[in-house]
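1. sequence first, predicted model second:
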Amino acid sequence: MKLAIAGKGGVGKTTISAQLIRRLIDRGCRVLAVDADPDVSLAVNLGMTTEEAASVKPLADMEDLVKDRMGDGAFYSINPDVDDILPDYTIEEGHLRLLKMGGIKGGGTACYCRENSFLNAVMNSVLFSDEDTVVLDMGAGIEHLTRGTTEGVDLLLVVTEPSRTSLESAAVILDLAEQIGIPDRKVVLNKARGQRELEIARKMLPEGSLLTALPYDEGIWEWSIVGDGGKPELGEDTDKAYESLVDYVLGLDAI
């Protein structure tokens, strides 16, 4: 199972990614977790302290590694050998392996073609690896996914808040994901407070795309303020919603 999680910035992608990873491991899965979001840290949400997470350098920032695989001249390889990246640059703990990849770079005056080509090659290696379960925590879009990699993605979960702008962003990501051929595309409504928000989400999203709603949870909010390591204490309704989400993911894997 190769699962990618995307959405507008700040909607809770990383929190949801971490919860899914923990629960998949609890159910006996070996999980390769890929942190492809440059703004937040999957490692912290998986239980590392801020200091521990900061010590893990993203692949995108390893200049010597990028030069070694891509070349250091005016020309660079478009098909670099990165198959040994996973065993050499992942942190392993029990049934969890964590790869901090970093985000696609852009903006400014520098050209990041070399670095981005390197990251795309790593993404291909991850998606076509023999890993049983891969969870990709992506940035605010789907820049890491192209037509060349979608054959390896089984499910894209688009996370959204109940706000209009977030729902509109989710609809755009769903459309892009369909265009590049991701076979299963679902929406997770996060921080939902009531039936009215569910009804609005169903009206604004493509029919049948809303998979589940995760309620606003004070435990997650409190942990986001004071937590440094460990995990949030979830309410009963939130826990049940996450378990149903894991059931869906594992059900796809069994097909």
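-> Sure thing, it's come through. Residues are numbered from 1 along each chain as shown.
2. show me where pLDDT drops low in the stretch 151-255 of the chain?
-> Low-confidence segments of the stretch 151-255 of the chain (pLDDT under 70): 151, 227-229, 253-255.
3. can you list the residue ranges for helices in it?
-> Assigned by DSSP state H, counting those that start in this stretch, the helices in the stretch 151-255 of the chain fall at 164-179, 195-204, 218-226, 236-254.
4. deepest in the core, which of those is it.
-> helix 164-179 (a mean of 17; mean count of other C-beta atoms under 10 Å). Every C-beta, even on glycine, is put in place using the N, C-alpha and C of the backbone.
5. from residue 184, how far off is residue 128?
-> Distance of residue 128 to residue 184, given as C-beta to C-beta, to the nearest Å: 18 Å.
6. re the thing from before, adding distance to residue 135, write the helices of the stretch 151-255 of the chain out as JSON lines.
-> Converted to JSON lines, the helices of the stretch 151-255 of the chain look like this (distance: least, C-beta to C-beta, whole Å):
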{"stretch": "helix 164-179", "distance to residue 135": "16"}
{"stretch": "helix 195-204", "distance to residue 135": "23"}
{"stretch": "helix 218-226", "distance to residue 135": "18"}
{"stretch": "helix 236-254", "distance to residue 135": "9"}
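7. nearest to residue 2, of these?
-> Residue 2 sits nearest to helix 236-254 of all these, at 9.8 Å, using C-beta to C-beta.
8. what's that closest one in contact with?
-> Contact partners of helix 236-254, identified using C-beta atoms under 8 Å, 6 or more residues apart in numbering, comprise 1, 3, 19-20, 23-24, 27, 29, 133, 154-155, 184, 186, 188, 211-215, 217, 219-220, 234.
9. mark which of those are buried, thanks.
-> Those of the contacts of helix 236-254 that meet the buried threshold are 1, 3, 19-20, 23-24, 29, 133, 154-155, 186, 188, 211-215, 217, 220, 234, by 16 or more other C-beta atoms under 10 Å.
10. confirm that residue 3 sits in a strand.
-> Yes - when DSSP: H, G, I helix; E, B strand; the rest coil is applied, residue 3 is found to be in a strand.
11. doesn't residue 155 make contact with it?
-> Yes - Residue 3 is in contact with residue 155 according to C-beta atoms under 8 Å; the separation is 5.1 Å.
12. show me the shaky parts of the stretch 1-150 of the chain.
-> Scanning the stretch 1-150 of the chain for pLDDT under 70 picks out 39-40, 73-79, 103-114, 141-150.
13. on that earlier part again, out of the helices of the stretch 151-255 of the chain, which is closest to residue 44?
-> Among the helices of the stretch 151-255 of the chain, the nearest to residue 44 by C-beta to C-beta is helix 218-226 (10.1 Å).
14. next, the angle helix 236-254 makes with the lengthiest strand in the chain.
-> Looking across the chain with DSSP state E, the single longest strand is strand 185-192. Relative orientation of strand 185-192 versus helix 236-254 (axes from the mean of the first three to the mean of the last three C-alpha atoms, to 10 degrees): 170 degrees.
15. give the pairing partners of strand 185-192; include direction for each.
-> Strand 185-192 has the following sheet partners, assigned by DSSP bridges: strand 155-160 (parallel), strand 210-215 (parallel).
16. mind checking which of these is nearest residue 99?
-> Residue 99 sits nearest to strand 155-160 of all those, at 18.8 Å, using C-beta to C-beta.
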